[in-house]
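# what's the 3D shape of this:
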Amino acid sequence: MEKKYVVGIDIGGQTSKIGVVNAEGEILSRVVIRSDVYGEDANAFIAALAEAVKQLIKECGKEGEIKGVGVGAPNGNYYTGEIAKAPNLKWAAKEPVPFAKLLSEGLDGLPVTLTNDANAAAVGEMTYGAARGMKDFIMITLGTGVGSGIVIDGKVVYGHDGFAGELGHTTVHPGGRMCGCGKAGCLEAYCSATGVARTAEEWLTKTDEPSLLRSYEKITAKDVNDCAMQGDQMAIRIFNFTGRLLGESLANFIAFSAPEAIVLFGGLARNKNFLTEPILRAMNANVLPRWKDKVKLVYTELKESDAAILGASALAWD
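Below you'll find the predicted structure:
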């Protein structure tokens, strides 16, 4: 019998989202469990995860009909099935955890495919979203950090060690801000939601310019967006600055893989009213003439509440 359903799992620092998904990208049933209550005990977390998956499959009546399980996780390695040195996951912050193997064993041999969260988002977009029908595109995830998934000829680029596609840690400002990765001047330090907030804090200390941003004790990217929506000129310039840096980087990325499109995903991508124009202007001003105005900039078509599960689930169809 053909198996028509898969399970998608998105592992985050605090919670893990699980869903049973059909071939049309509909989530039939879902559940959320904690990821952060197991300390350094990876086995305990994986056992709890396996039990939650089994229960979810049973509740939606799809026992025996699951093709496989796809998992998106920080520092997930597609080749080895391991998670290692993931600072937001205490149980995988140090030694490599053979995650895919252990979860498969906990699910009575059901195939488990693991990759990092940005690559999972790229596969999800190609399977269910804005990149359907595309074989060459770059996915950029703009959230707390900046992640990326590179797709060439319909396949995610993993590199020789499984970790290719760290475009968020390319250098945009040599000697600039410290990034969480330990380098200085990374794209992530400027063009993530955290980076936008850091820009606002820095600019406010360098000028006495009136701004609605001064009313916030601790600024977030959402605060910058709210102020920009009210016409605050500093907030608008912050998005122009962020969009310019991102657009310049995208021009470099285009030279690498000649994608049909750049797909933007994640919380910061919701600010497209303020980001699209500066991104496109900088991207087309810096790209080689052969690609000027030819690479599309598109935004995810996946519903935000579904995107992480769908991205992970798409891995299980292979």
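# and the strands in the stretch 51-200 of the chain?
According to DSSP state E, counting those that start in this stretch, the stretch 51-200 of the chain carries its strands in the segments 66-72, 112-115, 137-142, 146-152, 155-156.
# so what are the sheet partners of the last one and their directions?
Each strand paired with strand 155-156, and its direction, by DSSP bridges: strand 146-152 (antiparallel).
# helix or strand: which one has residue 17?
Residue 17 is part of strand 15-22, with elements assigned from DSSP states H and E.
# what comes into contact with that strand?
Residues from elsewhere that reach strand 15-22, judged by Cβ atoms under 8 Å, 6 or more residues apart in numbering: 4-10, 27-36, 49, 52-53, 56-57, 60, 62, 66, 306, 308-310, 313. All C-beta spots, glycine's among them, are computed from the backbone N, C-alpha and C.
# which positions within that strand qualify as buried?
Within strand 15-22, the residues that qualify as buried are 16-21, counting by 16 or more other Cβ atoms under 10 Å.
# any chance of those in a markdown table, plus distance to residue 72?
Output for the buried residues of strand 15-22, formatted as a markdown table (distance: Cβ to Cβ, whole Å):
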| residue | distance to residue 72 |
| --- | --- |
| 16 | 10 |
| 17 | 10 |
| 18 | 12 |
| 19 | 12 |
| 20 | 16 |
| 21 | 13 |
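# nearest to residue 99 among those residues?
Nearest to residue 99 among those is residue 16, at 11.6 Å by Cβ to Cβ.
# beta partners for that closest one?
Where residue 16 sits in a bridge, its partners, by DSSP bridges, are residue 11, residue 33.
# ok, it to residue 101 distance?
For residue 16, the distance to residue 101 (Cβ to Cβ, to the nearest Å) stands at 18 Å.
# do residue 47 as well
For residue 47, the distance to residue 101 equals 14 Å [Cβ to Cβ].
# again with residue 131
As for residue 131, its distance to residue 101 is 30 Å (criterion: Cβ to Cβ).
# more neighbours: which of these two?
When residue 131 is set against residue 101 and neighbours are counted by other Cβ atoms under 10 Å, the residue ahead is residue 131, at 26 against 15.
# ok, now which ones touch that one?
Contacts of residue 131 by Cβ under 8 Å, 6+ apart are 122, 125, 137, 139, 151, 261, 263, 298.
# touching, the first one and residue 140? I think so.
No: applying Cβ atoms under 8 Å, one finds residue 122 not in contact with residue 140, separated by 9.5 Å.
# now the common contact residues for those two.
Shared contacts of residue 122 and residue 140 (Cβ under 8 Å, 6+ apart): residue 263.
# ok, residue 212 - contacts?
With Cβ under 8 Å, 6+ apart, residue 212 has these contacts: 227, 230, 232, 235.
# mind pulling up the pLDDT for it?
Each residue has a pLDDT score; the one for residue 212 is 98.
# give me the phi and psi for it.
In terms of degrees, to the nearest 10, the main-chain angles of residue 212 are phi -60, psi -20.
# against residue 200, how distant is it?
Separation of residue 212 from residue 200 (Cβ to Cβ) stands at 11 Å.
# quick check: neighbours shared by the two?
Contact criterion Cβ under 8 Å, 6+ apart; residues shared by residue 212 and residue 200: residue 235.
# what are the boundaries of the helices in this structure?
42-59, 99-106, 117-128, 188-191, 193-206, 221-229, 233-257, 272-286, 304-314 (DSSP state H).
# what sits against the closest residue to residue 172 other than its chain neighbours?
Excluding its sequence neighbours, the residue lying closest to residue 172 (Cβ to Cβ, 6 or more residues apart in numbering) is residue 187, at 4.9 Å. By Cβ under 8 Å, 6+ apart, the residues touching residue 187 are 146, 167-172, 245-246, 249.
# do you know how far residue 187 is from residue 10?
Using Cβ to Cβ, one obtains 23 Å as the distance from residue 187 to residue 10.
# and residue 161, by the same measure?
Summarising the geometry, the distance separating residue 161 from residue 10, computed by Cβ to Cβ, is 23 Å.
# which one's more surrounded, the two?
Each of residue 161 and residue 10 had its neighbours counted (other Cβ under 10 Å), and the higher figure belongs to residue 10 (26 against 9).
# what's the neighbour count on the closest residue in space to that one that isn't next to it in sequence?
Once flanking residues are discounted, residue 10 sits nearest to residue 308: 3.5 Å by Cβ to Cβ, 6+ apart. Number of residues near residue 308 (other Cβ under 10 Å) recorded here: 23.
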